[in-house]
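[1] Have a look; sequence and predicted model below, questions after that.
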Amino acid sequence: MNCKYCKSTNIVKFGTYTNDDGKEIQRYYCKDCKHKFTELDTLPKMKTPINEIGSALNMYYGGMPIDAIQGHLKQSTGKYLSEPAIYKWIIRFTREAIVKAKDFKPQVGNTWLADETGINVGGHNVWFWDIIDAKTRYLLASHISLARTTEDAQILVEKATQRAGKMPEVIITDKLRQYIDGIDLATGGRARHVRSKPFTDENSTNIIERFHGTLKQRTNVIRHFKDLETARLLTEGWLIHYNFFKEHESLGNVSPAKYMKIDMPFKDWNDVVRYANVRQPSTFEFAGATPIHEPITEKQKRSAYFRKAVQKSRVKKRLVELSQPQLRMTR
């Protein structure tokens with residue numbers, strides 16, 4: 001047995017205690033880090049076994065609401081676990097998974113598909129932008145915005161190229177015109193932009209449309225997010241579940257990461273929990289939603305100038321409408 005805190009083998013027995021089931025549990029003491037722990041398969045300072053926490057995370061990102069998870073755990077283990085406790089597990093170990101998966105480099109193809117969909121967050125409609133690899137079904141990047149602008153399309157593609165460590169040859173999108181300049185700015189014109197043809201196998205975004213159907217099922221279970229930051233966190237957690245754990249029938253019933261046959265940072269949610277940082281919980285900050293590359297060519301500069309002019313005109317028009325309530329009523 002190793003110490004749960006420092007993995008040292010320099011440990012000794014340190015008495016026993018009786019748990020709620022009347023079973024005697026052995027305690028241990030680590031001579032190196034001076035911590036005490038038990039023989040149970042739990043994290044330090046936690047009573048719930050690792051496999052139960054991992055099951056709760058798997059059920060949550062698989063589509064079950066927290067109250068249903070609570071009922072399932074009570075029926076299978078006989079323990080009552082509060083909903084706030086389960087929610088804290090989800091938040092804590094989602095952060096751990098995001099940190100562990102941050103440096104994972106997927107082996108993806110040269111054709112990517114991008115699309116966007118509107119989802120209600122805290123009573124406000126926000127846009128979820130996603131870009132997925134057509135070959136492996138690996139979701140390369142996701143971006144949340146309050147509007148659909150060229151800069152948002154650019155940010156999405158830049159995040160995807162950073163994650164993949166390469167530039168695609170073709171990016172297929174729908175008819176949204178913001179992709180035209182956004183892809184050009186993000187790739188410097190090196191990726192060919194193809195507009196999709198609906199209801200066809202060639203140059204179609206059917207794959208990512210099906211993904212968005214799955215994403216909406218997930219958000220319907222969550223009901224609503226507390227705020228945009230929580231929405232981003234839990235969405236990133238669900239994308240990890242989608243890429244690393246969710247089996248895809250089109251890939252032979254394996255996840256996109258397993259389909260690549262390369263080393264993964266973890267094999268399931270139990271692994272995420274078991275090897276969590278027990279001394280200092282993982283923390284991180286989402287990168288600011290700012291495009292990396294500025295317009296370079298004369299065409300890009302002209303397009304950027306006209307986009308900003310149109311945006312200023314729309315804002316000015318909106319302010320005039322808000323200042324004239326009687327005009328708004330007549331409309």
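    Arrived safely. Numbering: from 1, shown residues only.
[2] mind listing the strands for the stretch 151-300 of the chain?
    Remark: strands assigned in the stretch 151-300 of the chain by DSSP state E, counting those that start in this stretch are 170-173, 192-195.
[3] For the last one, name the packing helices and strands.
    Strand 192-195 makes packing contacts with strand 170-173, helix 178-187 when contacts are defined by 3 or more CB pairs under 8 Å, 6 or more residues apart in numbering; DSSP states H and E. For glycine as for every other residue, the C-beta is placed from the backbone atoms N, C-alpha and C.
[4] quick one: Leu234 and Thr94 touch, right?
    Yes. Contact criterion CB atoms under 8 Å: Leu234 and Thr94 qualify, at 6.6 Å.
[5] Which residue of these two possesses the greater neighbour count?
    Shown here are Leu234 and Thr94; by other CB atoms under 10 Å, Thr94 has more neighbours (24 against 20).
[6] Quick one, grab the pLDDT at the more buried one.
    Looking at Thr94, its pLDDT reads 92.
[7] Which residue is the nearest non-sequential neighbour of it?
    Nearest non-adjacent residue to Thr94, counting by CB to CB, 6 or more residues apart in numbering: Gly237, 3.5 Å away.
[8] ok, now which ones touch that neighbour?
    Applying CB atoms under 8 Å, 6 or more residues apart in numbering, we find Gly237 in contact with Tyr61, Ile90, Thr94, Ala97, Ile98.
[9] Nearest to Glu169 among these?
    Of all the contacts of Gly237, Glu169 sits closest to Ile98, with 29.0 Å by CB to CB.
[10] That closest one against Thr235, yeah?
    No. The pair Ile98 and Thr235 does not pass the contact test of CB under 8 Å, sitting 10.6 Å apart.
[11] where does this protein have low pLDDT?
    20-21, 121-122, 197-205, 216-226, 278-290, 292, 296, 305-308, 310-312, 314-331 (pLDDT under 70).
[12] how does it divide into domains?
    Per automatic domain parsing, the structural domains of the chain span 1-40, 111-274, 298-330.
[13] Of all these, which one comes closest to Tyr80?
    Taking CB to CB, domain 1-40 is the member of these nearest to Tyr80, at 11.2 Å.
[14] So which bits of the closest one are buried?
    Neighbour-count burial for domain 1-40, counted by 16 or more other CB atoms under 10 Å, picks out Cys3, Lys4, Tyr5, Ile11, Tyr28, Tyr29, Cys30, His35, Phe37, Thr38, Leu40.
[15] Now tabulate those residues in TSV and tack on distance to Met167 and secondary structure.
    Formatted as TSV, these follow (distance: CB to CB, whole Å; DSSP: H, G, I helix; E, B strand; the rest coil):
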residue	distance to Met167	secondary structure
Cys3	46	coil
Lys4	44	coil
Tyr5	44	coil
Ile11	51	strand
Tyr28	53	strand
Tyr29	55	strand
Cys30	49	strand
His35	48	coil
Phe37	49	strand
Thr38	51	strand
Leu40	49	coil
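[16] Identify the residue nearest the residue nearest the centre of the chain in space, chain neighbours excluded?
    By CA atoms, centre = their mean, the chain has its centre lying nearest to Glu236, at 1.2 Å. In this structure, Glu236 finds its nearest non-sequential neighbour in Ile98, 5.4 Å apart by CB to CB, 6+ apart.
[17] What values do phi and psi take at that neighbour?
    Per-residue torsions, Ile98: phi -60, psi -40 (degrees, to the nearest 10).
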